[in-house]
Every structure is written in structure tokens, then in C-alpha cells.
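okay, sequence plus prediction incoming.
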Amino acid sequence: MAADLPLSLSDTIVALSTPPGAGAIALVRLSGPRAIAITDEVFHGKRLAEQPGHTLHYGTLRDGAQVLDEVVVSLYRGPNSYTREDVVEISTHGSDYIVRQVLALLLRHGARLAEAGEFTKRAFLHGALDLAQAEAVADLIAADSALSHQVALRQMRGGFSRELRELRGQLVHFAALLELELDFGEEDVEFADRTGLVVLLQQVQALVRRLLRSFELGNVIKNGVTTVIAGRPNAGKSTLLNALLNEDRAIVSEVAGTTRDLIEDEVSIEGIRFRFVDTAGLRDTTDVVEAMGVERTRQRVQQAALVLYLFDLTTTLPAELQAEVEALNLPAGVGVLAVGNKLDLASEAQAAPFRPRPDTLLLAAGPGIGIEELRAALLARVRLAGLDQTGASTIVTNLRHARSLEQADRHLDAVLVGLSTNGGTELLAADLRHALNALGQITGEISSDDLLTSIFTQFCIGK
């Protein structure tokens with residue numbers, strides 16, 4: 001854990017913990033050694049210093065003789081609180097004016113404004129949460145689908161952390177034996193069973209790599225899938241967007257080139273968030289405005305996670321489709337699904353050449369034929385088929401965690417290579433220490449001021 005942190009834990013902090021703006025209720029939270037005493041100075045009701053924790057108290061907040069509001073105070077005594085400090089939560093009426101007056105009053109009585117994420121940072125520093133759990137708090141707040149909520153909740157409750165602690169625990173014993181060998185270097189003794197260490201390292205590395213593989217899916221769950229709908233003019237891109245969203249989001253016209261700019265919207269499909277982007281039709285044009293739209297389409301296609309290339313079944317031949325998809329020049333890793341539209345208008349002879357193709361799906365966006373099949377294909381493309389939707393599997397969603405797992409994997413590889421070539425104990429011990437450090441950085445067993453600042457400043461103030 002980091003030492004000499006810039007924020008003093010002797011301060012009592014205060015912040016609005018509900019969203020700003022008028023509402024029925026606003027919640028002002030204090031945490032720190034004087035949270036109860038400061039509130040007692042302005043609260044008229046029961047004396048809070050004499051009350052037990054986990055209790056609610058009705059009264060008024062007063063600035064001298066002036067009554068600011070009727071409130072309910074929630075009292076939590078450390079260490080049985082979110083931050084493990086004394087915490088007071090004041091529920092006021094949700095007026096901006098009242099909130100400003102209450103915060104100003106508490107600041108005058110000795111509290112200071114909390115910085116972003118400082119309540120959760122204190123929970124981490126006091127051992128209530130490890131770093132992975134603390135980051136999951138922010139993910140839970142930002143969750144906007146069933147699966148992202150599920151994964152964040154599991155991580156906040158320590159599922160990922162427990163798995164990491166088990167990994168580190170298995171390695172620590174062997175690392176200690178290797179360090180012991182270094183202390184007796186001149187005596188040429190081996191305390192660590194090399195055969196047992198190889199087996200253990202292979203098991204740990206397999207788990208690390210499983211977690212790393214889960215990041216691709218975890219990133220999708222957390223951030224969604226940017227899916228660009230591209231194709232030639234009048235292929236039905238706007239009609240398809242409207243069908244996927246179940247609303248008339250884009251203007252539909254028989255006139256080719258109606259869409260000149262990007263139209264974006266999101267929809268959740270079985271818990272996965274897809275951000276669909278309707279684009280200008282791809283063609284050469286002398287129209288200046290349409291040409292700008294086409295250029296934006298080409299740029300957006302390069303940034304996509306998945307491209308739905310829509311083509312008109314009534315006018316497109318297989319060779320033409322192949323040439324058009326190749327002309328997209330998609331970066332490596334960008335998936336593409338060819339979607340043949342206007343199935344209701346196409347003859348069997350026009351549709352038949354595309355039916356056996358596993359990378360092509362046929363539909364009629366206007367009447368909604370094949371839309372459910374497209375949704376299923378989209379889910380398959382993000383490799384959702386094998387996901388345990390109960391959240392039982394550990395899924396990595398955080399880029400920082402993935403980077404640390406990559407570091408651990410590299411150093412475990414180095415140890416295995418060293419063991420296979422009878423490498424020196426000093427090098428083995430050094431690589432094993434690096435692997436342990438990389439795993440420890442995820443949970444915060446090893447951290448720095450810069451790392452903590454980077455993480456917690458991404459939180460909202462009041463959490």
C-alpha cells in the first residue's frame with residue numbers, strides 16, 4: 001500500500017453523493033474523525049454523539065437561528081461503514097439552493113470538500129476494499145446493461161480478487177524457497193523442488209491466460225460494440241438501423257444518398273450494448289456534401305469493432321460483394337458480416353448464390369424479416385455463446401488488469417524457460433518476484449501514489 005499519500009486521513013471530508021440538480025432527495029455525505037461532531041454542531045434533534053451506529057435520526061439543520069431544512073441523518077460508526085471511518089449521511093430535500101447552503105455550512109464547521117473518488121479511496125486505504133474491488137465500484141456505477149452490472153457486482157464482492165490471491169499464494173511459497181537458496185548460495189543447496197515448481201507454474205500460467213482471454217469479452221461487456229452499418233447507397237442501411245432500434249431514428253427514402261452524416265444510437269441485445277452507426281452510402285460522387293459523408297464513413301469503418309456490410313440482393317452479384325468488402329481495407333481484428341437486404345423483393349435466383357455462405361446473412365429490413373437472426377449473429381460475433389450469464393465465470397473488464405496479467409504471463413514464461421535450461425537461482429527468483437508484483441498491482445498489494453491518483457480521479461465526487 002502506498003505511503004505518504006497527499007490527502008490527509010485526519011481530515012473530515014464532505015460531498016454531495018446524489019446527482020446534482022433538483023430532485024426529491026439529495027444526500028450529503030461526511031466521512032472522517034469529526035464527521036459526527038461537525039454534524040452535531042448544526043443538527044437539531046437527538047445528540048448524534050450519544051447514538052449507536054446504523055441508526056436514522058429526524059431533525060432540522062440550522063445555521064445559527066435559521067432553519068435550512070428538515071432532514072434525516074444516517075449514522076454509521078467506524079469501522080462498520082463504507083470507509084471504515086465515522087460516516088454521516090444527511091438526506092435533505094433535493095433543491096440546489098438547499099444543497100449549496102448545507103455544504104457551505106458544513107465547510108464552515110471544519111469539513112473540507114472531498115476529491116473525486118476519495119470516499120472509495122479511504123475504503124481502500126483502510127482495507128475495506130482492495131484495488132480491484134474499488135475499481136469495480138466505478139464500473140458498477142457506470143453499468144448500463146444486465147451483464148456489465150453482473151460482472152461489476154461480482155468483482156466488487158471480491159470474486160476476481162479471491163482468484164488472484166489464490167494465484168499469488170501458490171507462488172509465494174516457492175518464491176520464498178528460492179530466496180532462501182540465495183541466502184545459502186555458497187553452499188550449493190536447493191530448497192525448492194524444481195519439478196514441483198514447473199507443474200505449479202504451468203497451472204498458474206494457464207489460469208492467467210484464461211483470465212487474459214476473458215478480457216476480449218469483458219471489454220465488450222463493459223464498453224459495448226461499435227458496429228458500423230456500411231454499404232452502397234440505397235442498400236437499406238437506414239431502414240436496417242430503424243429495425244434494430246425498433247424506432248424511426250434515421251430518415252428512409254427511395255432517393256439514393258439520403259444519409260449524408262453519421263447517425264448513431266445504442267441498443268442492448270441480451271445484456272450486450274451495441275452502438276450502431278448508420279453511414280453515408282459508399283460511392284464516387286461529385287456532390288461536395290455527400291463526398292464529405294462518404295469520407296467520414298470510410299474513417300468510421302476503420303474505427304469499428306464490427307462492420308455490417310449491407311448489400312441489395314436484387315442488384316448485387318457475389319463477385320461484386322467480395323470486391324466491395326475487400327475495398328473497405330479493414331484493419332486486422334475488425335469483424336465483418338455481409339448482410340443481404342431486400343430478401344422479400346429478390347428472386348430465388350438472386351438470393352441462392354448467397355445462401356450457403358457462413359459469413360453472409362439474408363434479411364428484409366423493411367418488413368423486419370430476419371432481424372432476430374441478425375441479432376443472434378451479432379451475439380455470436382462477440383463470442384457470447386459460451387458465457388455463463390449467471391456471472392459465475394471470472395471475466396476481466398479492466399485494461400489495467402489485463403496489462404498486469406500480460407506482465408505476469410511474460411515473467412512466468414521466463415521462469416519456465418530458466419527452469420528448463422537450468423538457469424541460475426538469482427534470475428529465477430527475480431522473474432518470480434516480477435510475476436508476483438504484476439499480480440499484486442491488480443489488487444493494490446503493491447501500488448504507488450501515481451497509480452492511486454490515476455484510478456481514483458476517474459471516480460465521481462461523492463463516491
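Ah, there it is.

can we go C-alpha only for contacts and neighbour counts from here?
OK.

who's in contact with Phe371?
Not quite, residue 371 is Ile, not Phe. Ala243, Leu244, Leu363, Ala364, Ala365 (C-alpha atoms under 8 Å, 6 or more residues apart in numbering).

grab the nearest non-local neighbour of the second one.
Spatial nearest neighbour of Leu244, chain neighbours left out: Ile371 (7.1 Å); criterion: C-alpha to C-alpha, 6 or more residues apart in numbering.

next one, pLDDT for the one you found please.
Reported pLDDT at Ile371 in the predicted model: 91.

and what of Pro6?
On the pLDDT scale, Pro6 gets 46.

repeat that for the one 4 residues further on.
Per-residue confidence for Ser10 comes out at a pLDDT of 89.

from Ala26, how far off is it?
Distance, Ser10 to Ala26, using C-alpha to C-alpha, to the nearest Å: 26 Å.

can you give me the helices in the stretch 251-400 of the chain?
288-303, 318-326, 348-351, 371-381, 399-420 (DSSP state H, counting those that start in this stretch).

more neighbours, Ser10 and Ala26?
A direct count of neighbours by other C-alpha atoms under 10 Å for Ser10 and Ala26 places Ala26 higher, at 24 against 9.

tell me if I'm right that the more buried one and Ile98 touch.
No: the pair Ala26 / Ile98 is not scored as a contact, 9.1 Å apart, by C-alpha atoms under 8 Å.

need the overlap of contacts for those two.
Counting by C-alpha under 8 Å, 6+ apart, the residues touching both Ala26 and Ile98 are Thr92.

returning to that earlier point: buried ones only from the contacts of Ile371, please, as a ChimeraX command.
Only the buried entries of those go into this ChimeraX selection, using 16 or more other C-alpha atoms under 10 Å:
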select :243,244,363,364,365
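
tell me the one of the contacts of Ile371 nearest Asp413?
Nearest to Asp413 among the contacts of Ile371 is Leu244, at 45.4 Å by C-alpha to C-alpha.

just checking, what packs against the helix or strand harbouring that closest one?
Counting by DSSP states H and E, the element that carries Leu244 is helix 237-245. Secondary-structure packing of helix 237-245 (3 or more C-alpha pairs under 8 Å, 6 or more residues apart in numbering; DSSP states H and E): strand 225-231, strand 263-269, strand 272-278.

who wins for proximity to Thr239 among the helices of the stretch 251-400 of the chain?
helix 371-381 (11.3 Å).

between helix 237-245 and the closest one, find me the angle.
80 degrees (axes from the mean of the first three to the mean of the last three C-alpha atoms, to 10 degrees).

list the buried residues in helix 371-381.
Counting neighbours by 16+ other C-alpha under 10 Å, the buried set in helix 371-381 is Ile371, Leu374, Ala377, Leu378, Leu379.

wait, which of the residues you listed is closest to Leu345?
Distances from Leu345 to these, taken by C-alpha to C-alpha, are shortest for Ile371, at 16.1 Å.

and the closest one, how close does it get to Val277?
Distance from Ile371 to Val277, by C-alpha to C-alpha: 17 Å.

reformat the buried residues of helix 371-381 as TSV; add distance to Val228.
Shown next, in TSV, are the buried residues of helix 371-381 (distance: C-alpha to C-alpha, whole Å):
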residue	distance to Val228
Ile371	16
Leu374	14
Ala377	15
Leu378	12
Leu379	15
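
which one of those is nearest Val14?
Checking the buried residues of helix 371-381 one by one against Val14 (C-alpha to C-alpha), the nearest turns out to be Leu379, at 43.8 Å.

start to end distance for stretch 443-463?
Using C-alpha to C-alpha, the two ends of stretch 443-463 sit 19 Å apart.

now it: buried residues?
Thr443, Gly444, Ser447, Leu452, Thr453, Ile455, Phe456, Phe459, Ile461, Gly462, Lys463.

how about these in a markdown table, adding distance to Thr239, pLDDT and secondary structure?
Output for these, formatted as a markdown table (distance: C-alpha to C-alpha, whole Å; pLDDT from 0 to 100; DSSP: H, G, I helix; E, B strand; the rest coil):
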| residue | distance to Thr239 | pLDDT | secondary structure |
| --- | --- | --- | --- |
| Thr443 | 47 | 86 | helix |
| Gly444 | 49 | 85 | coil |
| Ser447 | 51 | 70 | coil |
| Leu452 | 47 | 78 | helix |
| Thr453 | 46 | 78 | helix |
| Ile455 | 42 | 78 | helix |
| Phe456 | 43 | 83 | helix |
| Phe459 | 39 | 81 | coil |
| Ile461 | 42 | 83 | coil |
| Gly462 | 43 | 83 | coil |
| Lys463 | 42 | 80 | coil |
